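[1] Here is a sequence together with a model predicted from it:
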Amino acid sequence: MLNRIKWSEEIIGQEKKKKVVDDEDDDDDDESIPKNYNECQLVWEGIVRHRAFNDFRVHLLQSPKQVREFLEKHGVSHYWDHAYSTSVLLSEEPE
């Protein structure tokens with residue numbers, strides 16, 4: 001996932017705009033809106049003794065609670081705990 005997806009290609013929630021040569025005033029309109037960038041970080045790498053998933057499928061889960069419950073059914077809820085705690089630590093801004 002770290003290599004196959006172009007994480008820095010676009011900003012989440014921003015529509016792609018065509019640049020208009022005549023109108024340069026519109027370029028700075030979105031500067032005040034906070035932008036969320038796509039990113040992917042490696043939080044764990046290694047070998048496990050037993051496979052937790054037999055086949056890989058996409059599941060649409062709407063909340064962190066649903067994600068943890070899904071992983072808990074497969075006995076790997078600690079993956080979510082570690083990834084979530086890492087993301088919380090990385091998102092905290094120093095005072």
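    Arrived safely. Numbers count the residues shown, from 1 in each chain.
[2] would you list every one of the helices in the chain?
    Applying DSSP state H to the chain gives helices spanning 64-73, 77-91.
[3] if I look at Val67, how far off is Ile47?
    Separation of Val67 from Ile47 (CB to CB, to the nearest Å): 23 Å. In this view, the C-beta of every residue, glycine as well, is placed from N, C-alpha and C.
[4] Neighbour count for those two, which is higher?
    When neighbours are counted by other CB atoms under 10 Å, Val67 comes out ahead of the other of Val67 and Ile47, with 17 against 4.
[5] ok so, going back, worst average pLDDT in the helices of the chain?
    Note on these: lowest mean pLDDT is at helix 77-91, with a mean of 83.
[6] how about the strands of the chain, start to end?
    Ranges of strands in the chain, per DSSP state E, are 11-12, 36-37.
[7] Lowest average pLDDT across those?
    Note on these: lowest mean pLDDT is at strand 11-12, with a mean of 60.
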